[in-house]
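Trainee: Attaching a predicted model along with its sequence, questions to come.
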Amino acid sequence: MEVLLSIAILSGAALLVYLVGRLSRSRTLTGFIAFLALLGSGSSVYQVWQTLEEGMSVGWPASYAQTRLQAYLSGNYLGVFLAATALLLSLLVVIYSMRYMHRRNIGKFYALLLLMTAGIVGVGFAGDLFTLYVLFEAMSISSFVLVAFEREEWEPVEAGVKYLVLSTVGSLLALLGIGVVYSWTGTLDLAALPSLLESHAGSSQLMAVVALMVIGFGVKAAIVPMHTWLPDAHSAAPSGISAMLSGIVIQAGLITMLKALIALGTVNFGMLLVALSLVTMLVGNLIALRQSDLKRMLAYSSVAQMGYILMGMGLALGFPMAAGFSGMRGALYHILNHAIMKGGAFLCAGAFLWVLGTRDMRKLSGIGRKFPIVGICFLFFALALAGTPPFNGWFSKVLIAKAGADVGGWGTFMVVMLVLNSVISLFYYLDALNTIVFGPVPEDRPRTLKPLPFLVVLPIVTLAILTLLLGVLPDIGLVIVDPAAEYVASLIGGGM
Amino acid sequence: MPLGGCLLVPVFGAINERLMKWYSVLVGFATAALTLALISAANGQEIGALYWIPGIDATFGLQLTGVGMYVAAIAGCIGSLAVLYSIRYMEDLEKEYPPTRYYFLTLLFIGSMIALALADSFLVLYVFWEIIGFCSFALIAYEYKRAKARQAGTKAFIVTRFGDIGLLVGVAVLWSAMRNLGAEDPFSIRATIQAAVAGQIPYHLLAIAGAGFLAGAVGKSAQFPLHVWLPDAMEAPTTISALIHAATLVNAGIYLCVRTLPMFAAISWWLPALAWIGAISALLAALLALVEKDLKRVLAFSTISQLGYMMAAVGAASVFASQFHLMNHAIFKALLFLCAGSVIHATHTRNMYDMGGLKRSMPVTHLAFLIGTMALAGIPLFNGFWSKDAIFEALSASGQIGPLVLLIITALLTAVYSWRMYWLTFQAEPRTEADAHESPWQMTVPLGLLAAGTLFSWLHVGAYSTNLGKLLSHHVVPVVELGELWHHTFASPLILVGLAVVAIFVWLGVQWGRRGAPVPEGPQMWADLVTDTKGFFDWVWGFWVVLMRAVASVLSLFQTGDLNYNSLWLAIGFIAVLLMFLGWG
C-alpha cells in the first residue's frame, strides 16, 4: 500500500496544486504544497524501505496474480534508491523555483513537476512491463511540457517538439518490444519473464526485442546516437527543470531500460552496453569541449556522465559473476552523485541566468566573484564532475574503475578509457571555472546587479554541502546504494 | 594538524588579517615540530586507523614508515619556512587578492602532502594525490586576473592528471587483486607489498599496476615526456614554486616509486624504465636550462633535471640514494627559490639579463644563493655533491651504464648552467634600474636556515640512512655512516679527475654568464623558442589537443538540430545495434 501511496500522494497533490494555482498566484503557497507532497511521498518511501529491511515484500496488490487492472507495483531496493534520489532533487528544485519561476502559470509548473516526480518514483517500483511503460510515459509527457514551459519563446518550444518526437518514436519502439514479449509469454510480470523467455534464448527474435528496448528506452537515457534531443531540451528548459532532467530523468530512463533488459534475461547485452557507453562518453566529452553556452556544455557533459553510468551497468550485466555487484554499485552511486553535482551545476547556471539573462560563458565571465557563495558552490560542482577528491564524483568513478579491474583483460582497458575521458572533461570544466569564477569582469556589465533571493541560494548551498560530504565520507551514500546494487546483482545472478 | 589548521584560516581571516598570517606561521611551525617528532618516535605503530568507508573495507590508515616520515618532515619543515617567508613576500599582491585563500590553500597543500606520505592505504594516497593536484592548480593560478597564470594552473592540473589515469587504474587493479586474495584491508599498502613479494598477485596484474604507477609518478614528478607543466607553473608566486618544487608536489611521484619499489622490482622492465626516464629527463632539462633567460624557469628546469636523478636512483633500486638526494635537493632548491623570490622582490623582473651586480646590494641573499648554486652544481662538501655521488655509485653498482653516462653528462651541464645563472644574477655589472635592497628579516631568516641546511645536512647521513630503513620490512636500505661515505667518495682517484672536469665546466659557465645577453638577438630567439616549448614537447602535446578539438568540431557538425537528422540517427542506432547482434550471433 505504501508503494501506491508514494505515487498517489504526488499525483493527488499535482491536481491540488493546479487548482490552488488557478485561485492564487502565490509561489510560496503552491510551492509549499508541492514541498509537503514530496515530504509525504518521502515518508511512504521510507516505510517501504523499513518493510523491506524487515524482509517482507511490499506490493500493490500483494502479488502479481491478484492484479485486476494489469497494474502491479512492487517495492524493491532499486525503486527505493531511485525514489530517494528523485525526491531529494525534486525537493530542492521546488524550493529553488519558489523564487526562480515567474508567478504566471506557477500552479501548472508545480503540478507538472510533481507528476514527473511521480513518474520517476513509479518507474522504480513498477512490477510489470505495462506499469513500467505507463509510468515511464507519465514521466516523459510531463517533461515535454516542462521543457516547452516558457512557450512565448521560440527556443523552448522547438526543443520541446524535438524532444517529443524523438522520445515518442523511442517509446513506440519499446512498446513494440513489449508487445512481442506479451505475445510470446502472455504475461508482463517482470519477475516471471526471465524463466518464461528461456526457451527463446539465443533466438534472433529475442535479440530484436532487446534492440528495440535498448533503442527505445535509450532515447530517454540519451545514449549516443539517440542523444540528439538532449542539448536543446536541457538548455532551453527552465533551470530547475534542467537540473531534474539531467539529474534524474535520463537516469530514470536508464533504469527503465535496465529493468526491462533484466526481465529479458539470457541475452548477453553487457558488451553492447559497454560499447555504447564508450561512444557515449567520448562524443559527449568532445562536443562539450566546443560549447560556449554554459547550459549546453553541462548538457553535453550529462551525455558523457551517462556514458560512465552505462559502463558500470554494462560491466555488471556482461560479467555478473566478476562485476555484477561492483559494477552496479559504481553505476548507481554515480547516479546519486550525478543528481547532486549536475543538479547543483544547473541550479548555479540558472542563478547566473536569472541575474544576467545570458547563458553565454564569455558574458558570464567573473560573475562567480560577484556572487561568491554561488561561485564557490559552482567550483565544487565543476570539480566534482571532473572527479576530483574531496568532492563526491571521484568515489563512484573509482567504484566503476574497480568493476573494470574485476573483469580484467579488456575491462582494464575500459577503465583506462573511462579515466582518460574524465581527464578530457577536465579541460572544459576548468575552462568554465576559469571564465565564470576567475575570469575578468566585462566592462559593460552594470555595477549593481539584483541580489539573488535566499530561496535560490539555499538549494545550491545544500547540494554543495552534500557534494563535499559524500566526497569526504562516501559511506553515507553506500547505505542507500548498496542494497539496490545487491538487489540488482541478485536478479542477474551475480556474486559480490 | 595543518589539515585541521587550514580550516581555521578563514575564521581568523575574518577577524584580522595579521592575526591570520601569524596563526598560519604558528600552524606551520607546529607541523614542522610534529613531523620532526615523528622521526624520533618511529616505533612502528599505526598512528591512526579510522574506519573510513566500511562499505568497501577501506580504512583511513596512516602508518609511519622510514621513507614516508622523511618526506613528511621535508614537507613540514620547508613548508613552514615558506609560510614565514610569504608574510612579507605576498604583501604586494594582497591589495588585489585577499590573502585568506592563499594561506588556506598553502596549509591544505602541506597537510595533504604529509597525509600522502604517511598513508597506509592506496585509496587514501590517491585521494590526497588528487588534492595536492587541485591545490597546485589553485595556487599556480593564484593571480587569477592574469590569463597566463590561469592557463598555467590549468595545464599543471590536466597534465598531472594524465599521469593520474595510470595511478587510478593501478589502484583499481591492485584493489581487485587483493580482494580476490580475500585480504582484510584490500587497500593496505603494507599488505599489498607483502602479497606481491610473496608472489600472490599475478604477474600480469602487477605489470599493469606497475605501468600505471609509473605513469602517475612521471606526471606528478614532471618527468619526460610529461615535464611540460612544470616550467609554466613558474607563474605561481615564488613561495608556491618553492613549495611545489622542494617540499611537496614533485616529491610525491618519487615517493610513490620508492614506496612501491619492492612490489614492482619483480617486473623485468620496471627498474630500467625508471632509470632511463630519469636519465633522459635529467639531460633534456639540463640542456634547456642552459639557454633559458628567466631565472625561475632555469630553476624549474633544474628541478626536472634533479628529479630525473632521483628517478634514476630508484631505477637503480637504491632507496638511500634517491631519498638522500630528495632531502638534499629539497633543501637547496627551496633555498634557491626563496633567494630568487628575494631577488625578484627587489628587482621586479625575472629576466636574468636585466639583473646583475646584485651581490653588493643584497649580501645575505647573495651568499645564500651562492651556497645553493654550489650544492646544485655538485661542488664537494655541499650536500648536493654527496647525494649525486651516491646516485652514480648506485647506478654503476646495478650495472645500468646507459643512464649513468647520461647522468654524468648532465652533471657537467648542471655545473655550466648553475654558474651561468649565478654569474648573470649576482656578479658582473648591474643592468637593472630598480633600486635593489636587502629583504626584511621574515625573508632572510628562512634563507639563513636553509643555507645552513645546505651546508650541513649531509653530516646527518648516518642517522638518516638508519632511520630510512625503519619500519619497511621489504625495502633494503644499507646504513651508510659518515666516515664511510667520506672514505668511499675520496678513495677513488677518479673523483679527482671528475672534480677537475667539473671545475672546467664551472669556468665555462662563468664565462658564459659574463657575456650577459647574447648579441646579436638571433640565437636567443631560437633559445627562447626551444625553452618555451620545453624542447618542442608543448607542440607534441598541443598537437593532440588540436586534434581533439578538430574531432570535436567534426562531431558537432553531426549535431544539426534538425529533427529529420535526429530521427535518422535514431534509425542508424537501431540498425547498428541489430548488426552488432548479428555479428555476435
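Mentor: Yep, that arrived. Numbers count the residues shown, from 1 in each chain, chains lettered A, B, ... in the order given.
Trainee: chain center to the lowest-mean-pLDDT helix or strand in chain A, what's the gap?
Mentor: Lowest mean confidence among the helices and strands of chain A (mean pLDDT, DSSP states H and E): strand A:59-60, at a mean of 76. Chain-centre distance of strand A:59-60: 25 Å, with C-alpha atoms, centre = their mean, to the nearest Å.
Trainee: average pLDDT across the helix or strand that it is followed by?
Mentor: Once the chain leaves strand A:59-60, the next helix or strand it forms, by DSSP states H and E, is strand A:73-74. Averaged across strand A:73-74, the pLDDT comes to 86.
Trainee: what's strand A:73-74 packed up against?
Mentor: Other elements packing on strand A:73-74 under the criterion 3 or more C-beta pairs under 8 Å, 6 or more residues apart in numbering or on different chains; DSSP states H and E are helix A:2-23, strand A:59-60, helix A:106-125. For the C-beta atoms, the positions are set from N, CA and C on the backbone; glycine is no exception.
Trainee: Show me what the first one packs onto, helices and strands only.
Mentor: Judged by 3+ C-beta pairs under 8 Å, 6+ apart, helix A:2-23 is in contact with helix A:27-53, strand A:59-60, strand A:73-74, helix A:106-125.
Trainee: by how many degrees do the last one and helix A:2-23 diverge?
Mentor: This points to helix A:106-125. Relative orientation of helix A:106-125 and helix A:2-23, computed by axes from the mean of the first three to the mean of the last three C-alpha atoms, to 10 degrees: 170 degrees.
Trainee: Then the first one?
Mentor: For helix A:27-53 against helix A:2-23, the angle by the same axes, to 10 degrees is 180 degrees.
Trainee: Buried ones in helix A:27-53, by neighbour count?
Mentor: Going by neighbour count (16 or more other C-beta atoms under 10 Å in any protein chain shown), the buried part of helix A:27-53 is A:27, A:29-35, A:37-38, A:40-42, A:44-49, A:52.
Trainee: measure A:Phe378 to chain B for me?
Mentor: Applying C-beta to the nearest C-beta, to the nearest Å, the value for A:Phe378 to chain B is 14 Å.
Trainee: Quickly, which of the helices and strands packed on helix A:2-23 bottoms out on average pLDDT?
Mentor: If you rank those by mean pLDDT, strand A:59-60 sits at the bottom with a mean of 76.
Trainee: Show me what that one is packed against.
Mentor: Counting contacts by 3+ C-beta pairs under 8 Å, 6+ apart, strand A:59-60 is packed against helix A:2-23, strand A:73-74.
Trainee: Residue numbers of the stretch 351-496 of chain A in contact with chain B?
Mentor: Residues of the stretch 351-496 of chain A lying close to chain B (C-beta under 8 Å from any C-beta of the partner chain) are A:383, A:388-390, A:394-395, A:397-399, A:401-402, A:404-406, A:408, A:412, A:415-416, A:419-420, A:423-424, A:426-427, A:430-431, A:434, A:438, A:440, A:473-475, A:478, A:482.
Trainee: May I see the PyMOL selection of the buried members of those residues?
Mentor: Per 16+ other C-beta under 10 Å, the buried members of these correspond to this PyMOL selection:
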select buried, chain A and resi 383+388+389+390+394+395+397+398+399+401+402+404+405+406+408+412+415+416+419+420+423+424+426+427+430+431+434+438+474+475+478+482
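Trainee: hmm, back to that, for the helices and strands packed on strand A:73-74, state which one has the densest average packing.
Mentor: Most buried of the helices and strands packed on strand A:73-74, by mean neighbour count (mean count of other C-beta atoms under 10 Å in any protein chain shown): helix A:106-125, with a mean of 27.
Trainee: roughly how far out does the next helix-or-strand element following that helix sit from the chain middle?
Mentor: The helix or strand immediately downstream of helix A:106-125 is helix A:129-147, counting by DSSP H and E. Relative to its chain's centre, helix A:129-147 lies at 14 Å (C-alpha atoms, centre = their mean).
Trainee: before we move on, the earlier item: would you format the helices and strands packed on helix A:2-23 as a markdown table with distance to B:Lys296 included?
Mentor: Below are the helices and strands packed on helix A:2-23 laid out as a markdown table (distance: least, C-beta to C-beta, whole Å):
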| stretch | distance to B:Lys296 |
| --- | --- |
| helix A:27-53 | 56 |
| strand A:59-60 | 69 |
| strand A:73-74 | 66 |
| helix A:106-125 | 55 |
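Trainee: what's the closest of those to B:Ile344?
Mentor: Among the helices and strands packed on helix A:2-23, helix A:27-53 comes nearest to B:Ile344, with 56.1 Å by C-beta to C-beta.
Trainee: Any part of stretch B:106-114 near chain A?
Mentor: No: applying C-beta under 8 Å from any C-beta, one finds stretch B:106-114 separated from chain A by no less than 9.5 Å.
Trainee: At which residues are the helices of the stretch 301-450 of chain A located?
Mentor: Using DSSP state H, counting those that start in this stretch, the helices of the stretch 301-450 of chain A run over A:320-356, A:367-370, A:372-385, A:393-407, A:410-436.
Trainee: Which residues of the stretch 51-200 of chain A lie near chain B?
Mentor: A:Val161, A:Lys162, A:Val165, A:Leu166, A:Val169, A:Gly170, A:Leu173.
Trainee: Most neighbours among those, which one?
Mentor: Ranked by neighbour count (other C-beta atoms under 10 Å in any protein chain shown), these have A:Gly170 at the top, with 25 neighbours.
Trainee: How about the secondary structure of that residue?
Mentor: Secondary structure state of A:Gly170, per DSSP: H, G, I helix; E, B strand; the rest coil, is helix.
Trainee: what's the neighbour count on the closest residue to it other than its chain neighbours?
Mentor: Computed as C-beta to C-beta, 6 or more residues apart in numbering or on different chains, the closest residue to A:Gly170 that is not its neighbour in sequence is A:Val219, at 3.1 Å. A:Val219 has 29 neighbours, counted by other C-beta under 10 Å.
Trainee: Double-check A:Val219 against A:Val165; I have them as touching.
Mentor: No: the criterion here is C-beta atoms under 8 Å, and A:Val219 misses it with A:Val165 at 10.2 Å.
Trainee: can you count the residues close to A:Leu463?
Mentor: Per other C-beta under 10 Å, the neighbour tally for A:Leu463 reads 30.
Trainee: and it, helix, strand or coil?
Mentor: Following three-state DSSP, we place A:Leu463 in the helix state.
Trainee: Mind pulling up the pLDDT for it?
Mentor: What the model reports as pLDDT for A:Leu463 is 94.
Trainee: OK, contacts around it?
Mentor: Contact partners of A:Leu463, counting by C-beta atoms under 8 Å, 6 or more residues apart in numbering or on different chains, are A:Leu92, A:Ile340, A:Met341, A:Gly343, A:Gly344, A:Leu347, A:Cys377, A:Phe381.
Trainee: go with 7 Å
Mentor: A:Leu92, A:Ile340, A:Gly343, A:Gly344, A:Leu347 (C-beta atoms under 7 Å, 6 or more residues apart in numbering or on different chains).
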